[in-house]
Every structure is written in structure tokens, then in C-alpha cells.
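*Asks:* whatever this is, show me its structure:
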Amino acid sequence: MDETDRSAKPLSGVLNDVALAMRGEDVSVRELLAQIGEQGMLVFAIFLIIPFLVPVSIPGVSTVFGLLITLIGIGVAANRTPWLPRRLMDRRVPTAHLVRAFEHGARLVARIERFLHPRLRALTTGAAVSRFNGVMLVVAGILLMFPLGLVPFSNTLPGLAILFLAVGILQKDGVFVLLGYAFILATVAYFAALFAGALLAGQGLRNLFSR
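*Replies:* Coordinates of the predicted model:
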């Protein structure tokens, strides 16, 4: 299928197309980006975040994908195509995991697409707003990289922030951009609570053994 046909499809259709096109035991990030085609870096960010939003585990990718999303956010803030490290682009991921993730993701995105339409454009247009939204993507990408993969919701919360920011920017929907901001704040609050809980637990252990 050529890119003209693909670009006319909704994002959920593109996800299904990429899942159907995958071959072999694994695929590199570079090959995955080539399969996505001329869809833009924000769409690539949506692809990268799907494994953290569906019940499919792909071990060891939160740091790599989080760094890629951080670089995409820098590109959005600077209004230019971001530089992507060769080592990250050549990182290979099992195809079977990705196919399941994209199939689940297509269903997830299809549900979101019904509610997307241009509104609150002040949050999606203009150079200053674009820079701010890019910075917010950077923050969300960094939060995704935190080594808390075994902690419930530690990847899901920043993943939802990235998803809502990306689709909101792409569709000029300020409501979804606001949701992205809200999930960034929720992630920061959640991580702060975890850190505070760990400090209190450590203090309690020290008090216990110091008696």
C-alpha cells in the first residue's frame, strides 16, 4: 500500500496496516519507522507508547522508547525533525509482541478517535504553544524512562500523557492536550508519593533496627 492510501486512513487503520505488514522474528526501530511511513514524529510517538497502554508486555523497552519520545519532544519544541541515535534506531524488538500491541492499540485508538475534533485551538497553535507542548512531551518521556517498570501504573500514566498530547496536537484538540497535561501532573504526584513512601519505609526500618 502506498503512503497516499495510508495517510488517508485514520490512525487506528494505520496501526492495523503496520501489524499486518510485520514479518520475521524481530524488527528494528528503524524498520518500524519505515513501515509507518510519512506520518510524522508525533504519530511515531503514538506507536512507541502503545506497548505501555495495552495488556502486552515488551520487556526492556521503556528506557529506549522513553528516550526516543524525549527526542521527539525536543524536535516538536524546536520545530524541526529530531536527531535519533543510530544505536536506538537499530534496537530490535520481538515482532510477536509488537503485533499484539498494535492490534490492541488499534482498538484503543479507534475508541479515542470518536471524540477527537478541533477545539480550544489556543492550546495547539502558535510557536510558543508548540514549544511548551514539546517540553511537556520531553517531561512525559523522561517520566516514562524512570526505572519503575514493575510498579503498577508507572508506565501507564506517562504513556497516557504522551498519547493524549500527541493526538491532541495532531488533531488540534485542546481538550486532549489538557488531558495530557493532567496526566503529567498525576504522574509526578504518583512518583512523589512513591518516593515519600519509600523514604518513610526506610526510616521505619532504621528506627526498628536501631532499638
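
*Asks:* and the longest helix for this structure?
*Replies:* helix 174-209 (DSSP state H).

*Asks:* could you say which helix or strand holds the residue most central in space within the chain?
*Replies:* Centroid check for the chain by CA atoms, centre = their mean gives Ile49 as the closest residue, at 3.2 Å. Using DSSP states H and E, Ile49 sits in helix 41-49.

*Asks:* contacting residues around that helix?
*Replies:* 11, 14-15, 18, 32-33, 36, 65, 68-69, 72, 75-76, 81-82, 102, 105, 109, 137, 144, 159, 162-163, 166-167, 169-170 (CB atoms under 8 Å, 6 or more residues apart in numbering). Placement of C-beta: from N, CA and C, glycine included.

*Asks:* still on that earlier bit, of all the residues in the longest helix of the chain, which ones are buried?
*Replies:* By neighbour count on 16 or more other CB atoms under 10 Å, the buried set for helix 174-209 is Gly174, Phe176, Val177, Leu179, Gly180, Tyr181, Phe183, Ile184, Thr187, Tyr190, Phe191.

*Asks:* leaving out chain neighbours, which residue sits closest to the first one?
*Replies:* Looking back up the chat, that one is Gly174. Nearest residue to Gly174 in three dimensions, chain neighbours excluded: Leu120, at 2.5 Å (CB to CB, 6 or more residues apart in numbering).

*Asks:* now do Asp173
*Replies:* In space, and not counting its chain neighbours, Asp173 is closest to Leu116: 5.2 Å by CB to CB, 6+ apart.

*Asks:* ok, the one you found - contacts?
*Replies:* Listed by CB under 8 Å, 6+ apart, the contact partners of Leu116 are Val167, Gln171, Asp173, Phe176.

*Asks:* can you give me the buried ones in stretch 42-56?
*Replies:* The neighbour-count check on stretch 42-56 (16+ other CB under 10 Å) flags 42-54, 56 as buried.

*Asks:* stretch 70-85 too?
*Replies:* Thr70, Leu71, Ile72, Gly73, Ile74, Gly75, Val76, Ala77, Pro82, Leu84.

*Asks:* looking at the residues you listed, which is nearest Ala198?
*Replies:* Ranked by distance to Ala198 (CB to CB), the buried residues of stretch 70-85 are led by Thr70 at 24.5 Å.

*Asks:* so which residues make contact with the helix or strand containing the closest one?
*Replies:* Element membership for Thr70 (DSSP H and E) is helix 62-78. Helix 62-78 is contacted from outside by 29, 41-42, 44-45, 48-49, 51-52, 81-85, 88, 91, 130-145, 147, 149, 155, 158, 162, 169, using CB under 8 Å, 6+ apart.

*Asks:* and those, which of them are in helices?
*Replies:* Per DSSP H, those map to helices at 29, 41-42, 44-45, 48-49, 88, 130-145, 158, 162, 169.

*Asks:* now the residues you listed: which count as buried?
*Replies:* Among the ones in helices among the contacts of helix 62-78, those classed as buried by 16+ other CB under 10 Å are 29, 41-42, 44-45, 48-49, 88, 130, 132-134, 136-141, 143-145, 158, 162, 169.
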